[in-house]
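S.K.: Generate coordinates for the sequence data below:
(3 chains)
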Amino acid sequence: MKSLLHKLNPQQRKAAITVDGPLLVLSGAGTGKTTTVVNRIAYMIGQGINPEHILAVTFTNKAAREMNERVKKMIGKHAQKMQVSTFHSLGLRILRENYERAGYNKYFTIYDTADQLAVIRKALRSISAAWKKYKPDDVLYTLQRLRKPHDESIDLKYENEFDGELYSTVWKKYRETLKNNNAVDYEDLLVLPLRLFKKYPDILKSYQNIFKYIIVDEYQDTNAVQFEFIKLLANKYKNICAVGDDDQSIYGWRGAEVKNILDFDKHFKNAAVIRLEENYRSTGNILKAANAVISANKNRKPKKLWTRMGDGNRIQLFAAIDEMAEAEFVVSEIIIHQIENKMSFGSYAILLRMNTQARPFEDVLRARNIPYVVVGGMKFYDRKEIRDFLSYLKSLANPDDDEALLRIINVPKRGIGNSTVKLLGEHAAIKNCGLFQAISTIHENSTVKPNTLAELNNFYNMMTDAKEKLKREPIAMVARNLWAEVNYIKELESSFNDPKKIAGRMENIDAMIDSIQYYENREKKSSLNGFLQQVSLNEEDDDEEFKKGKVAIMTVHSAKGLEFRNVFFAGVEQGIIPHNKSLATASGEDEERRLFYVAVTRAKSNLTLCYCKSRTKFGQKIEKIPSMFIDEIPENLLAETDGIDTKIADDDVADDLLNQFSAMFAE
DNA sequence: CGCCAATTATTTTTT
DNA sequence: ATAATTGGCG
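M.R.: The predicted model follows:
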């Protein structure tokens, strides 16, 4: 164990062995933060601390996975017993272990943003003054900002009176709906455990005694609730290690408060503070560019990141005609570079500001037979057919989930239209039960036509049968049979003519069923609810093996904490980064600059910035100009390029060459 | 009452 | 380009 610590620099080592009491590690990008944390954990276990008492909290699943893997590599199976999880999955665990005292039943559903929006939309619609005037998106965002952790009201002191009243009403309806549907939203996963901690000292005490040593990664991204949660949890033993970097705070829009990290030593008395400033990741030019840009931000702790490495290559800058040309350029560069340097495709990353930029890159990579993976993206679960499929499962698992039921009660069309649904709703209100339950007694309502009644009963029986089968048969099997019975292909045929498209959508469902099977094989205590909750948190560990040797496409947010030998940052345009929508708030520009900083500091050796001169938005071509942040990079660090043509004079020759290479990669 | 076609809004980032 | 929503037809 000692030999391992020798590889650390003095500050890192100090951070690794300062185990007792509060500790703040201010670690700039690429200063070996994860290495330090992993060594710290190894050291703790070496000192005889039971891994079960160690909790490491991260923000994203990627970060949790990465840490888990590195700890495992270093310490082996023994480490499995420690808890590495995101805030939200930790909250879910606590909620699952205490659901009755939190006021929910065992089968609660987690609502994602789309579910939340559906509820908000409905609430808005029921208020005549609000319909059309307020966008559900904005209302949800505002409500989340105004939400108070310790009671069910919202904080209206910043809103004007009319809006305030409206927000209160919508919020009330929103909470009622979730409660009735036995559903929680993402924030509830943090808020409810926090309330449990406050209300039931025995619960708090039991978790305090489990998690005696706490490490919080990316501490600059904690919001008020997370801060309070961690503070309570650490309050007994005070062994809290916060790791973070104020320059990488990119979750302000989600309520993250940089002051949590800036004031750490005020909140935790006698905290030790350690700074990590030697960068081991990037070459000099990349680091200089990053430093130059981030220094334009006010309100930051000054730091002096430095490296022993040489300057390395200059930062490439490429101006593309449009987004297709941008993708073509990036992929050609990857191919040429890969052939010349024989690097794994896994050492390349394409970073984006938004998920929607990924499409052209996927198309070109696929056309050129380059293995790639879209990380996060999350788009898969947003596909209509997947949401439909999951809604069937959600409705099975939690019959109170009216949102799920409404989504699928007439998909595919089975003659249960809007007015029937409305009747059903009224009937449910009279019976004071969920919509699904209401179907069983809807015959009492004589206005329902016999045909409709038969359809309703068919549906009810189909779902009830599946629910029965769930008690005996594997989940995947029940799901597959239910899906066949539903005859979903009918729905697809009504919206698409292209048989390929239809087959593709059905394959997506197959993949989903496969992942249920995978979940069942892996989990000792598998349940449909467990699977769905995991899906809601995006937790399924799509195995790292799968990603190996593939070009990674992801947003900058997803890339935080990761590093790549070669980074292409695409869409570096005004309006994308900084994003138009972010410039509305005062702190917006600074956060976008930090985002740019995070993107740049992912690169180890080669960094290429790309922007388009024009881009298609909503089917319309619009002119674009380069991002202001490019101007903030000293010119001597940049090298403009024309792409493959610079290296190979003839355009056609270059194209031929690329085609040859692409053929090589096919197999 | 249910279904289809025309109209309209949608794209920030994650859990 | 595409998804969601609304109004009119069968």
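S.K.: From now on I want contacts and neighbour counts done on CA atoms only, so please keep to that.
M.R.: OK.
S.K.: need the residues of chain A near DNA strand C, please.
M.R.: Residues of chain A lying near DNA strand C by CA under 7 Å from any atom of the strand: A:Arg121, A:Lys384, A:Phe618, A:Gly619.
S.K.: What is the burial count for A:Gly21?
M.R.: Neighbours of A:Gly21 under the rule other CA atoms under 10 Å: 17.
S.K.: Tell me the spacing between it and A:Leu55.
M.R.: Going from A:Gly21 to A:Leu55 by CA to CA, to the nearest Å gives 15 Å.
S.K.: Could you tell me which of the residues of chain A next to DNA strand C belong to helices?
M.R.: Counted as lying in helices by DSSP state H, out of these, are A:Arg121, A:Lys384.
S.K.: just the buried members of the residues of chain A next to DNA strand C?
M.R.: By neighbour count, with 16 or more other CA atoms under 10 Å, the residues of chain A next to DNA strand C hold A:Arg121 as buried.
S.K.: which one of the residues of chain A next to DNA strand C is nearest A:Met309?
M.R.: A:Phe618 (44.8 Å; CA to CA).
S.K.: mind checking how far the closest one is from A:Leu117?
M.R.: A:Phe618 is 22 Å from A:Leu117, by CA to CA.
S.K.: Check A:Pro149 too.
M.R.: Plainly put, A:Pro149 is 20 Å away from A:Leu117 if you go by CA to CA.
S.K.: One more: A:Arg70?
M.R.: With CA to CA as the criterion, A:Arg70 and A:Leu117 are 38 Å apart.
S.K.: In a markdown table: the residues of chain A next to DNA strand C, plus distance to A:Leu351.
M.R.: As requested, the residues of chain A next to DNA strand C are exported to a markdown table (distance: CA to CA, whole Å):
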| residue | distance to A:Leu351 |
| --- | --- |
| A:Arg121 | 33 |
| A:Lys384 | 26 |
| A:Phe618 | 22 |
| A:Gly619 | 23 |
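S.K.: Could you pick out the one among the residues of chain A next to DNA strand C with the lowest pLDDT?
M.R.: Lowest pLDDT among the residues of chain A next to DNA strand C: A:Gly619, with 80.
S.K.: quick revisit: which residue of A:Arg70 and A:Leu117 possesses the greater neighbour count?
M.R.: With neighbours defined as other CA under 10 Å, A:Arg70 and A:Leu117 compare such that A:Leu117 has more, 20 against 16.
S.K.: Run a quick neighbour tally on the nearest residue to the more buried one once chain neighbours are set aside.
M.R.: Using CA to CA, 6 or more residues apart in numbering and skipping residues adjacent in sequence, the residue nearest A:Leu117 is A:Pro136, 6.1 Å away. Using other CA under 10 Å, the number of residues around A:Pro136 comes to 21.
S.K.: Over to A:Glu278: give its phi and psi.
M.R.: With angles defined as degrees, to the nearest 10, A:Glu278 sits at phi -90, psi 120.
S.K.: In this structure it contacts A:Lys303, no?
M.R.: No. If you go by CA atoms under 8 Å, A:Glu278 and A:Lys303 don't touch, sitting 10.5 Å apart.
S.K.: of these two, who's got more company?
M.R.: The residue with more neighbours, out of A:Glu278 and A:Lys303, is A:Glu278; 20 against 15, by other CA under 10 Å.
S.K.: beta partners of the more buried one?
M.R.: A:Trp306 (DSSP bridges).
S.K.: Next, the contact list for it, please.
M.R.: By CA atoms under 8 Å, 6 or more residues apart in numbering, the contact set of A:Glu278 is A:Thr31, A:Leu305, A:Trp306, A:Thr307.
S.K.: just A:Ile54 next, same as before
M.R.: Contacts of A:Ile54 by CA under 8 Å, 6+ apart are A:Met82, A:Gln83, A:Ile210, A:Phe211, A:Lys212, A:Tyr213, A:Ile214, A:Ile215.
S.K.: which non-adjacent residue is nearest it?
M.R.: Per CA to CA, 6+ apart, closest to A:Ile54 is A:Tyr213, 4.8 Å.
S.K.: same check, this time on A:Leu156
M.R.: Leaving aside its sequence neighbours, A:Leu156 sits nearest to A:Gly164 (CA to CA, 6+ apart; 5.9 Å).
S.K.: Looking at the helix or strand hosting that neighbour now, give me its mean pLDDT.
M.R.: Taking DSSP states H and E as the definition, one finds A:Gly164 inside helix A:161-180. The average pLDDT for helix A:161-180 rounds to 84.
S.K.: likewise stretch A:591-604?
M.R.: Per-residue scores along stretch A:591-604 average to 96.
S.K.: do that stretch and DNA strand B meet?
M.R.: No. With CA under 7 Å from any atom of the strand as the criterion, DNA strand B is not reached by stretch A:591-604; the gap is at least 7.9 Å.
S.K.: and that stretch, how far from the chain's centre?
M.R.: On the basis of CA atoms, centre = their mean, to the nearest Å, stretch A:591-604 sits 18 Å off its chain's mean C-alpha point.
S.K.: And for it, what's in contact with it?
M.R.: Residues outside stretch A:591-604 that contact it (CA under 8 Å, 6+ apart) are A:29-30, A:247-250, A:252, A:281-283, A:286-287, A:289-290, A:293-294, A:297, A:351, A:556-557, A:559-567, A:569, A:577-579, A:582, A:607, A:629.
S.K.: which of the residues in that stretch are buried?
M.R.: Residues of stretch A:591-604 classed as buried: A:591-604 (neighbour count, 16+ other CA under 10 Å).
S.K.: Just the residues you listed: which are in strands?
M.R.: A:Ala603, A:Lys604 (DSSP state E).
S.K.: Export the buried residues of stretch A:591-604 as CSV, with columns for distance to A:Tyr141.
M.R.: Formatted as CSV, the buried residues of stretch A:591-604 follow (distance: CA to CA, whole Å):
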residue, distance to A:Tyr141
A:Glu591, 18
A:Glu592, 19
A:Arg593, 22
A:Arg594, 22
A:Leu595, 20
A:Phe596, 24
A:Tyr597, 26
A:Val598, 24
A:Ala599, 25
A:Val600, 29
A:Thr601, 30
A:Arg602, 29
A:Ala603, 33
A:Lys604, 36
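S.K.: Can you tell me which of the buried residues of stretch A:591-604 is nearest DNA strand C?
M.R.: The closest of these to DNA strand C turns out to be A:Glu592 (CA to the nearest atom of the strand; 25.1 Å).
S.K.: From A:Leu166, how far off is that closest one?
M.R.: Distance from A:Glu592 to A:Leu166, counting by CA to CA: 31 Å.
S.K.: What of A:Asp246?
M.R.: As judged by CA to CA, A:Asp246 and A:Leu166 stand 36 Å apart.
S.K.: before we move on, what about A:Asn410?
M.R.: Counting by CA to CA - A:Asn410 and A:Leu166 are separated by 32 Å.
S.K.: I appreciate the help and will end here.
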